[in-house]
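>>> Next input, structure requested:
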Amino acid sequence: MAGLPERTEFIKLERKGPVLYVWLNKPEARNALVAGMGAELRQTFDALPSMPDVRVVVLRGAGGTFCAGGDIKGFNAASKPLAPGEHDVLKDANRQGGALFQAIDEARQAVIVVVEGFAMGGGFGMACLGDITIAKADAQFAMSETMLGIVPAQISPFVVRRIGLTAARRFGVSGAKLNGFQARDIGIAHEVAETSEALEALIDATIAQILKCAPEAVAVTKALMHRVAKGGEPMDSLLDRAAEDFVSAVRSPEGAEGTKAFVEKRKPAWNVGWGK
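Below you'll find the model as predicted:
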């Protein structure tokens, strides 16, 4: 499996111990999801399954804004009808965006999404992918696609799953904006900070809490919950698989270390601490 990108133009990668910070890094374009950014993000998240020493991923935007959505100039340039027999690269690019969202959503690591400034269109969708999403109070969220005459195609399945059909329909057909508190109220964000200082403290506290948890147990828990959320599988089958996951965890090195640490009244080996 390919590793992390060695050189990046559209994102910035920062490694601090078990935490990988992934910065959308085109603030002059409000971190819009142009093709190059999507490709670099996809390479990054595709590399993570082979990086068990990375336990937390923090996805945020440089320059005080998260992501203003898709590449509208690129969409406009591609709006002319296709010539007969011409390959539809726009369709391919859109579908690749969905594959990126799925890779973020299904990452084995805990993913924290931090929203400041704008989370529009694709940014709105990515905000719905965090295991924990933290928003600045004055952030602006919107499913803005229909205001431009286009469709929130690849984000819609993730948005509906996150906030439910009723709320998704409301914001999908209106393009209405939400602030951080409103995003929390409908289930996009989990935590809200009113100041930049409070935001950074909240990020650090969230990382510290995650690092108290065993990394393989986190990965298996996420996979099990995704399996439940997909639906269609009989409850007996889900519970059988859950029992298998449970006994495997108890008998794993993590399970042995965690239960032994509890009995001995000490921190388990994976609880490395974080912050000041």
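>>> show me the contacts for Phe181.
Contacts for Phe181 (Cβ atoms under 8 Å, 6 or more residues apart in numbering) come out as Ala137, Val192. Using the backbone N, CA and C atoms, a C-beta is placed for each residue, glycine as well.
>>> Give the next helix or strand downstream of the helix or strand hosting it.
Per DSSP states H and E, Phe181 falls inside helix 180-186. With elements assigned by DSSP H and E, the helix or strand that comes after helix 180-186 is strand 191-193.
>>> packing partners for that following strand?
strand 132-136, helix 180-186, helix 196-210 (3 or more Cβ pairs under 8 Å, 6 or more residues apart in numbering; DSSP states H and E).
>>> Pull out the buried positions in the helix or strand that comes right after the last one.
Scanning forward in sequence from helix 196-210 by DSSP H and E, the next helix or strand is helix 215-230. Taking 16 or more other Cβ atoms under 10 Å as the neighbour-count basis, helix 215-230 is seen to contain the buried residues Pro215, Glu216, Ala217, Val218, Ala219, Val220, Thr221, Lys222, Leu224.
>>> got the angle for helix 215-230 vs helix 196-210?
100 degrees (axes from the mean of the first three to the mean of the last three Cα atoms, to 10 degrees).
>>> Buried residues, the next helix or strand after helix 215-230. List them.
The helix or strand immediately downstream of helix 215-230 is helix 235-250, counting by DSSP H and E. Going by neighbour count (16+ other Cβ under 10 Å), the buried part of helix 235-250 is Asp245, Ala249.
>>> likewise stretch 34-41?
Val34, Met37, Gly38, Ala39, Glu40, Leu41.
>>> Give me the residues contacting it.
Stretch 34-41 is contacted from outside by 5, 8-11, 22, 24, 26, 31, 71, 74, 93, 96-97, 100, 104, using Cβ under 8 Å, 6+ apart.
>>> From these, pick the one nearest Gly117.
Using Cβ to Cβ, Asn31 comes nearest to Gly117 of those, at 8.6 Å.
>>> Rounded mean pLDDT for the helix holding Phe181, please.
The average pLDDT for helix 180-186 rounds to 98.
>>> who's sitting farthest from the centroid in the protein?
Centroid-distance maximum for the chain: Pro84 at 38.2 Å, with Cα atoms, centre = their mean.
>>> Let me see the backbone angles for Leu178.
phi -130, psi 150 (degrees, to the nearest 10).
>>> Apologies, that question was intended for Cys67.
Dihedral angles (degrees, to the nearest 10) for Cys67: phi -160, psi 120.
>>> Measure how buried it is and give me the count.
Neighbours of Cys67 under the rule other Cβ atoms under 10 Å: 29.
>>> List the contacts of it.
Leu24, Arg30, Asn31, Ala32, Leu33, Gly61, Phe118, Ala119, Met120, Gly122, Gly123, Met126.
>>> Quick check: chain neighbours aside, which residue is closest to the fifth one?
This points to Leu33. For Leu33, ignoring the flanking residues on the chain, the nearest one in space by Cβ to Cβ, 6 or more residues apart in numbering is Gly122 at 4.6 Å.
>>> Hmm, Lys222 is touching Ile132, no?
No. Using Cβ atoms under 8 Å, Lys222 is not in contact with Ile132, being 12.0 Å away.
>>> Which positions in stretch 142-155 come out as buried?
Those would be Ala142, Met143, Ser144, Glu145, Pro152, Gln154, Ile155, for stretch 142-155 by 16+ other Cβ under 10 Å.
>>> Quick check: the farthest pair among the residues you listed?
Ala142 and Gln154 (16.3 Å).
>>> returning to what we had before: now pLDDT and distance to Ala261 too, for the buried residues of helix 215-230, in JSON lines please.
Shown next, in JSON lines, are the buried residues of helix 215-230 (pLDDT from 0 to 100; distance: Cβ to Cβ, whole Å):
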{"residue": "Pro215", "pLDDT": "97", "distance to Ala261": "15"}
{"residue": "Glu216", "pLDDT": "97", "distance to Ala261": "15"}
{"residue": "Ala217", "pLDDT": "98", "distance to Ala261": "13"}
{"residue": "Val218", "pLDDT": "98", "distance to Ala261": "17"}
{"residue": "Ala219", "pLDDT": "97", "distance to Ala261": "20"}
{"residue": "Val220", "pLDDT": "97", "distance to Ala261": "19"}
{"residue": "Thr221", "pLDDT": "98", "distance to Ala261": "19"}
{"residue": "Lys222", "pLDDT": "97", "distance to Ala261": "22"}
{"residue": "Leu224", "pLDDT": "96", "distance to Ala261": "23"}
